[in-house]
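**Q** 3D model of this:
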Amino acid sequence: MKNEHLLIIRFSAMGDVAMAVPVVYALATQYPHLRITVLSKPFARAFFEQLAPNVGFMEADLKTEYNGVKGLNALYRRLVAKNFTAIADFHDIIRSKYLRMRFNIGNYRVAHIDKHRAGKRRLVDADNKVLVQQPTSFQNYADVLAQLGYPVKPNFCSIYPPEGAPLRLLPATIGEKRPFQQWIGIAPFAAHVGKIYPVELMEQVIVQLIHLHPSCRIFLFGGGGNERQILDQWVERYTNCINASALAGGLSNELIIMSRLDVMVSMDSANMHLASLVACPVVSIWGATHPYAGFMGWNQCADNTVQVNLSCRPCSIYGNKPCMRGDWACLHDITPESIVERVEANLTATEKLIKSVF
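**A** Now for the predicted structure:
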């Protein structure tokens, strides 16, 4: 008999892949005899490479090396050589469906994700909206494993061991955290405009936090282009701010920084999920999207969601649709004060914990 070797397929955006981490960890720790290989985009190596001794990572670029049917056939041949005994498709897109078909023809055990599209359509229906919590991505992933005979129970806390993240890897410019100094993360961007809090309002959040905590450090997370320009402008205006993404030198170091934060402010975006993977509390801002769609960060508190009640919300699962009102009230009506209030609640809880230790 072959040794059990499970292939997990999940490409897509960073946040979607990050949400697979707690489920893969539970699988790895509860089935230590099982060899697990995660197939994903190259960036995901930072999530899985050190997750557990029986978890391996395999990267594949579907837009270049494995593009088209010819590329997928080449990828399939490479996968077959790994001697998998079961296939878990966490993605269910055309490319993963093609690979599934090949594995099915080869008589492999194969299961794929149910994305509960009907329930999500009712959630965003303009005329007959049904506001019901949909199964989370974590549950959807776990259901795939259960179909293959590997039911799991949640037991994930952080990608880092209890002793913490390897701080020695961080650039010296990040500096040390002083006792009782607040470290606050702000990730003000997302892939779609329907999930981005107005920049001018987020700047007011920064101003209020600095006023309340003059010695705090605010770590800004964002990508290139216009995003970096905005972050650099804030760094120039406010000495408390630091462009963490620019200084970190890569995703692995960004995760280390997040692990040291007292709280993160994020949109419904990848950074919410990244912070969740290192057990950082996240104050999450929701505009066109809604936590009911099942994309809340791992182990995040519902009280830390900031959103306004509008009859049109949610209007989009991914935030990629135009505003039917034309004014993005779902985002503009969120006050900076409401965000700061949730940040303060988390900082107060952290301060009480530190004082109890000292």
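
**Q** how far off centre is stretch 224-244?
**A** Relative to the chain's own centre, stretch 224-244 is displaced by 22 Å; criterion: CA atoms, centre = their mean, to the nearest Å.

**Q** center of this protein, which residue is that?
**A** When CA atoms, centre = their mean is applied to the chain, the residue found nearest the centroid is residue 273 (2.3 Å).

**Q** which residues are in contact with it?
**A** Contact analysis of residue 273 by CB atoms under 8 Å, 6 or more residues apart in numbering lists 14-15, 18-19, 297-298. (C-beta placed from N, C-alpha, C; glycine too.)

**Q** how about 6 Å then?
**A** Listed by CB atoms under 6 Å, 6 or more residues apart in numbering, the contact partners of residue 273 are 15, 18-19, 297.

**Q** before we move on, what about residue 98?
**A** Residue 98 sits in contact with residue 72, where contact means CB under 6 Å, 6+ apart.

**Q** quick one, phi/psi of it?
**A** phi -60, psi -40 (degrees, to the nearest 10).

**Q** per-residue pLDDT, it?
**A** Note on residue 98: pLDDT of 97.

**Q** residue 170 now?
**A** The model reports residue 170 with a pLDDT of 90.

**Q** what's around it, how many residues?
**A** Residues lying near residue 170 (other CB atoms under 10 Å) number 20.

**Q** roughly how far does it sit from residue 44?
**A** Distance of residue 170 to residue 44, given as CB to CB, to the nearest Å: 21 Å.

**Q** for the stretch 251-358 of the chain, what spans make up the helices?
**A** For the stretch 251-358 of the chain, helices defined by DSSP state H, counting those that start in this stretch occupy the ranges 251-259, 270-277, 329-332, 336-357.

**Q** angle of the second one against helix 251-259?
**A** Right, helix 270-277. Relative orientation of helix 270-277 versus helix 251-259 (axes from the mean of the first three to the mean of the last three CA atoms, to 10 degrees): 70 degrees.

**Q** what is the mean pLDDT for stretch 184-200?
**A** Here stretch 184-200 scores 97 as its mean pLDDT.

**Q** buried subset of the contacts of residue 273, written for ChimeraX?
**A** In ChimeraX syntax, the buried subset of the contacts of residue 273 is picked out as below (16 or more other CB atoms under 10 Å):
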select :15,18,19,297
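
**Q** residue ranges with poor pLDDT in the stretch 1-150 of the chain?
**A** The stretch 1-150 of the chain contains residues with pLDDT under 70 at 1-2.

**Q** and the helices in it?
**A** Here the stretch 1-150 of the chain has its helices, by DSSP H, counting those that start in this stretch, at 14-18, 21-30, 45-48, 68-80, 94-105, 117-124, 137-147.

**Q** out of those, which comes closest to residue 303?
**A** Minimum separation from residue 303 across the helices of the stretch 1-150 of the chain (CB to CB) falls at helix 137-147, 19.3 Å.

**Q** show me what the closest one is packed up against.
**A** Packed against helix 137-147 by the contact rule (3 or more CB pairs under 6 Å, 6 or more residues apart in numbering; DSSP states H and E) you find helix 21-30.

**Q** dump the residue contacts of the closest residue to the residue nearest to the centre of the chain other than its chain neighbours.
**A** Among residues not flanking residue 273 along the chain, residue 18 sits closest, at 3.9 Å (CB to CB, 6 or more residues apart in numbering). Residues in contact with residue 18 (CB under 6 Å, 6+ apart) are 273-274, 277.
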